[in-house]
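K.L.:
the following comprises the amino acid sequence and a computationally predicted model.
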Amino acid sequence: TKPDQPAEDPVLKSFNLEAAAEYMSKCSNVVVMAGAGISTSAGIPDFRSPGTGLYSQLEKYNLPFPEAVFHLDFFRTNPKPFFLLAKELYPQKFTPTPTHYFIRLLEEKKKLLRVFTQNIDSLERVAGISTDKIVEAHGTFFTSHCLDCREEYDLEFIKEIIFKDEIPHCKKCDGIVKPDIVFFGEKLPARFNDCVHSDFSKADFLIIIGTSLKVAPFNRLLTFVDKDCPRLLINMEPAGNSNQDMGSGALLYGKKANRRDVFHQSTCDEGVSELAKSLGWEDEFNKLLQSE
Ligand code: APR
């Protein structure tokens, strides 16, 4: 077998979406790891898809490299590109996708232990998932803080200023006010560390959806689940396989893993409706989509 394929165990090899749904129907501690791919059908670009991803549309800001726009030291010297991008990225309408609603259905079915999202669009909250079930691992736009005195500001304060193409400054000390999204070089929110170890050791099913698994430490989470915990990746392209930089630690189908890993290659929305169908939740799922 290729290094990143499951071992030739007939049970494991036949473990597909159907078998995963059958297994999941008996689970009550499902953990979800979500990325930008779950919001692209809401009109919010992801980061790395060639051509449409955010990082391929930053030429006009002549950055040293695309991800600099989210680097703290770059931001301190030149916050302009970030706020221009924030304005461009500001969701005109906060409309969750079927994938957000599938995660909400998991909660309604009392199966959702937690959804760890890398997204900053807050669409999990808007979809009606209880906030205690959500970990926004890369922060959120909902609040902002002054980089110098840590004074807190709300979304309205920031929104008004960025739509005037200005830079938000602290009313108290004139420092730059930055939204609470996690920049490269910043620690992840305390809530991430509070939840991650207990959740991933308790998880009896892991769904990884709409992420390239390129960013640590988030991408290492999938290695934290128990060996018997199935890991279902729903994504348009393979992610987290062993031919990726081993340092990222995002290892799916590790040759020694011998796990129930499934890679279902489809859009997120198609994948979750397949899953809902296999679980016998099709009517409830469609009703939920219509009701919102
Ligand atoms: N259906 C399925 N997969 C999709 C869809 C879709 N509709 N749209 C995009 N994808 C896939 C892409 O093929 C890609 O593999 O989702 C993945 C998105 O990957 P990225 O753009 O790298 O986004 P993400 O993994 O969330 O990035 C992680 O990088 O820049 C940082 O902090 C930022 O949280 C972000 C982190």
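P.N.:
Structure's in. What do you need? Numbering: from 1, shown residues only.
K.L.:
could you use CA atoms for every contact and neighbour count after this?
P.N.:
Fine.
K.L.:
and the stretch 51-200 of the chain, which residues reach the ligand?
P.N.:
118-119, 138 (Cα under 6 Å from any ligand atom).
K.L.:
contacting residues for residue 233?
P.N.:
Applying Cα atoms under 8 Å, 6 or more residues apart in numbering to residue 233 gives the contacts 207-209, 261-265.
K.L.:
could you pick out the buried ones from those?
P.N.:
207-209, 261-264 (16 or more other Cα atoms under 10 Å).
K.L.:
now do the strands in the protein.
P.N.:
30-34, 112-117, 134-136, 139-146, 152-154, 177-181, 205-209, 231-235, 261-265 (DSSP state E).
K.L.:
make TSV from the ones you listed and add mean pLDDT and distance to residue 124 to it.
P.N.:
What follows is these, written out as TSV (pLDDT from 0 to 100; distance: least, Cα to Cα, whole Å):
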stretch	mean pLDDT	distance to residue 124
strand 30-34	98	10
strand 112-117	98	8
strand 134-136	98	7
strand 139-146	91	11
strand 152-154	96	19
strand 177-181	95	15
strand 205-209	97	13
strand 231-235	93	18
strand 261-265	89	22
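K.L.:
on that earlier part again, same list (the contacts of residue 233) but as JSON lines, adding distance to residue 224.
P.N.:
What follows is these, written out as JSON lines (distance: Cα to Cα, whole Å):
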{"residue": "207", "distance to residue 224": "13"}
{"residue": "208", "distance to residue 224": "13"}
{"residue": "209", "distance to residue 224": "17"}
{"residue": "261", "distance to residue 224": "14"}
{"residue": "262", "distance to residue 224": "17"}
{"residue": "263", "distance to residue 224": "18"}
{"residue": "264", "distance to residue 224": "21"}
{"residue": "265", "distance to residue 224": "23"}
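K.L.:
nearest spatial neighbour of the most centrally placed residue in the chain, chain-adjacent residues omitted?
P.N.:
Centroid check for the chain by Cα atoms, centre = their mean gives residue 35 as the closest residue, at 2.6 Å. If the residues on either side of it in the chain are set aside, residue 35 comes closest to residue 211, at 4.3 Å by Cα to Cα, 6 or more residues apart in numbering.
K.L.:
quick revisit: of the contacts of residue 233, which are in range of the ligand?
P.N.:
Within those, nothing lies near the ligand by Cα under 6 Å from any ligand atom.
K.L.:
who does the nearest residue to residue 237 once chain neighbours are set aside bridge with?
P.N.:
Distances taken as Cα to Cα, 6+ apart put residue 265 closest to residue 237, at 6.4 Å, once the chain neighbours are dropped. Beta bridges link residue 265 to residue 235 when assigned by DSSP bridges.
K.L.:
now, the residues of the stretch 51-200 of the chain next to the ligand that are in helices?
P.N.:
Members of these lying in helices (criterion: DSSP state H): none.
K.L.:
out of these, which end up buried?
P.N.:
The buried subset of these - by 16+ other Cα under 10 Å - is 118-119, 138.
K.L.:
hang on, isn't residue 110 packed against residue 26?
P.N.:
No - counting by Cα atoms under 8 Å, residue 110 stays clear of residue 26, with 11.4 Å between them.
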